[in-house]
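In: Dropping the sequence and predicted coords here.
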Amino acid sequence: MQFSKVVQVNSMDELAKIQDKSLVRSQAYVDGQWVDAKSGKTFKVQDPATLQTIGNVSDMDATDVQQAIDAASHAFASWKTTTAKQRSVLLRKWYELIIANNKDLARLMTLEGGKPLAEAAGEVTYGASFIEWFGEEAKRAYGDVVPSPMANTRMVVMKQPVGVVGIITPYNFPNAMITRKVGAALAAGCTVVVRPAHETPYSALALCELAHRAGIPRGVINVVPCSAENTPDVGRELTTNLAIRKVSFTGSTAVGKMLSGQAAGTMKKVSMELGGNAPFIVFEDADINAAAEQLIGCKFRNSGQTCVCANRVYVHESIYDKFVAIFTDLVKQRLHVGHGLAEGVNFGPLITERGLRKIEDQLKRAVDAGARIVLGGKRPENLSIDGYFFEPTVLVDVSDDVPMSCEETFGPLCPIFKFSSEEEVISRANSVPVGLAGYFFSRDIGRVFRVAEALEVGMVGVNTGVLSTEVSPFGGVKESGVGREGSRYGIDEYLNIKYLNISL
């Protein structure tokens with residue numbers, strides 16, 4: 001692997017290079033206004049690559065969130081009566097503004113989240129695609145006419161917006177996790193109150209600025225950033241307030257269970273996109289060069305901080321050594337570690353210190369149990385900037401019983417396991433309590449269908465390490481959550497079905 005030779009990065013100087021300064025917002029967005037927290041408190045946001053503070057953002061608490069919910073409730077009364085066409089036009093305007101401001105949004109994302117600039121620009125485009133898609137889907141939220149068993153009645157099924165939606169998003173995709181939820185909610189006729197991750201609030205607030213310019217009415221979108229200290233109370237308000245009728249959350253399984261329990265008290269509809277532990281299987285008949293190429297992105301995209309990234313790599317024993325050698329060489333050649341704004345960098349820092357400590361702990365436990373590090377395995381010594389960096393790491397001889405094998409890593413550790421039969425690897429792949437994504441490589445058409453059907457996951461990549469687009473349903477099974485995002489199914493999560501029985 002390579003390391004950036006940039007001597008020093010001043011994060012505030014880089015922030016000043018954003019051309020449209022009005023996209024850098026530090027206040028909450030409530031009822032169409034930029035507002036401070038009633039307490040006057042703020043919290044710091046830092047660049048995880050330099051650990052330099054890039055700004056201070058309003059630290060909203062539960063009282064502030066109540067005000068945002070009130071605004072969303074008031075706006076819902078009129079927003080739900082708009083036509084699908086009207087909502088579609090506004091979403092299209094928002095989409096076009098996001099695309100037009102891609103460069104500034106990407107730079108802002110890199111500075112608050114560490115993501116390499118090209119990857120951040122890709123996320124902005126990807127995030128915008130959900131606004132475009134759901135703007136179009138708004139006009140296709142069809143109901144039904146049910147053939148009545150009685151001659152003097154007619155039966156009609158209509159779909160109506162759920163109401164005010166509480167949305168809680170993670171730090172790893174600070175743009176797309178918001179657009180994927182908010183786009184569907186607004187298209188359905190719902191209004192929203194969004195709590196972005198405290199590590200990455202700027203991307204969410206920039207999206208609000210563009211939504212405001214697009215003409216989306218006041219109170220329809222509300223964003224309430226808060227510190228880690230206020231997060232539990234803010235989350236509880238969003239899950240228990242009677243005016244909130246649905247909660248959508250992306251994050252860890254443990255937190256998702258807690259939020260679901262809180263929401264159950266008022267029987268809210270929930271969408272939970274939770275943790276994964278994706279198997280990546282390479283069978284003996286696979287194109288191993290293609291599999292190794294795909295694994296680079298599937299494992300190390302966003303420094304391994306994606307819920308669908310490969311967590312456990314299983315390679316058939318007959319091609320194991322060859323695959324490990326090919327893949328390790330590719331990691332050395334392709335990955336360039338450094339600040340996301342430095343030229344050529346495609347591998348940035350982890351976003352949080354706790355994430356860095358977690359992977360160091362997982363690595364130590366695996367090595368103590370007999371694993372061998374083939375590449376990486378430490379914080380880089382060749383970088384001139386401080387930050388939460390960890391080298392892309394490849395391991396072999398990893399036990400099935402260590403945390404790296406059983407838990408989501410959410411970092412750049414790539415353990416490669418050996419297997420001998422299809423039945424064995426399916427059993428091992430399905431041995432964890434979560435089931436978000438899975439991948440496998442094979443050129444046997446019979447095996448393709450057998451394994452795809454046998455894997456206990458919500459999404460399967462066959463001969464590819466890429467899954468998510470705006471047109472496909474994203475979500476998992478088991479403890480990876482409930483509900484689907486994106487695709488034609490995504491808007492249904494924000495609609496209630498109402499049945500009419502009409503006597504003639």
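Out: That came through fine. Numbering: from 1, shown residues only.

In: low-confidence ranges in this protein?
Out: 6-7 (pLDDT under 70).

In: in it, which helix has the most residues?
Out: In the chain, with assignment by DSSP state H, the single longest helix is helix 117-137.

In: Just checking the distance from that helix to the centre of its chain.
Out: Its chain's C-alpha centre lies 12 Å from the corresponding centre of helix 117-137 when counted by C-alpha atoms, centre = their mean, to the nearest Å.

In: next one: stretch 383-391
Out: On C-alpha atoms, centre = their mean, the centre of stretch 383-391 falls 24 Å from that of its chain.

In: Which other helices and strands does the longest helix of the chain contact?
Out: Where contact means 3 or more C-beta pairs under 8 Å, 6 or more residues apart in numbering; DSSP states H and E, helix 117-137 is packed against helix 84-100, helix 102-113, helix 176-188, helix 487-490. From N, CA and C alone the C-beta is placed, and that goes for glycine too.

In: tell me the phi and psi of the closest residue in space to residue 197 that isn't next to it in sequence?
Out: Counting by C-beta to C-beta, 6 or more residues apart in numbering, residue 197 lies nearest to residue 171, which is 3.8 Å off, once chain neighbours are set aside. When read as degrees, to the nearest 10, the backbone of residue 171 gives phi -90, psi -20.

In: Contacts only, for residue 171.
Out: 113, 197, 198, 199, 200, 351, 352 (C-beta atoms under 8 Å, 6 or more residues apart in numbering).

In: One more pass at 6 Å, please.
Out: With contacts defined as C-beta atoms under 6 Å, 6 or more residues apart in numbering, residue 171 is in contact with 197, 199, 200, 351.

In: what do you get for residue 280?
Out: Residues in contact with residue 280 (C-beta under 6 Å, 6+ apart) are 310, 313, 439.

In: could those be laid out in a markdown table, adding neighbour count, distance to residue 386 and secondary structure?
Out: Below are the contacts of residue 280 laid out as a markdown table (neighbours: other C-beta atoms under 10 Å; distance: C-beta to C-beta, whole Å; DSSP: H, G, I helix; E, B strand; the rest coil):
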| residue | neighbour count | distance to residue 386 | secondary structure |
| --- | --- | --- | --- |
| 310 | 31 | 29 | strand |
| 313 | 26 | 31 | strand |
| 439 | 29 | 34 | strand |
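
In: Mind putting those into CSV with distance to residue 475?
Out: CSV is the format used below for those (distance: C-beta to C-beta, whole Å):
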residue, distance to residue 475
310, 18
313, 23
439, 16
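
In: what ranges do the strands span in the stretch 351-500 of the chain?
Out: For the stretch 351-500 of the chain, the strands defined by DSSP state E, counting those that start in this stretch occupy 372-375, 393-396, 413-419, 434-435, 437-441, 459-462, 477-478, 481-482, 495-503.

In: by contact count, what packs against the fifth one?
Out: Right, the one you point to is strand 437-441. Applying 3 or more C-beta pairs under 6 Å, 6 or more residues apart in numbering; DSSP states H and E, one finds that strand 437-441 makes contact with strand 278-282, strand 459-462.
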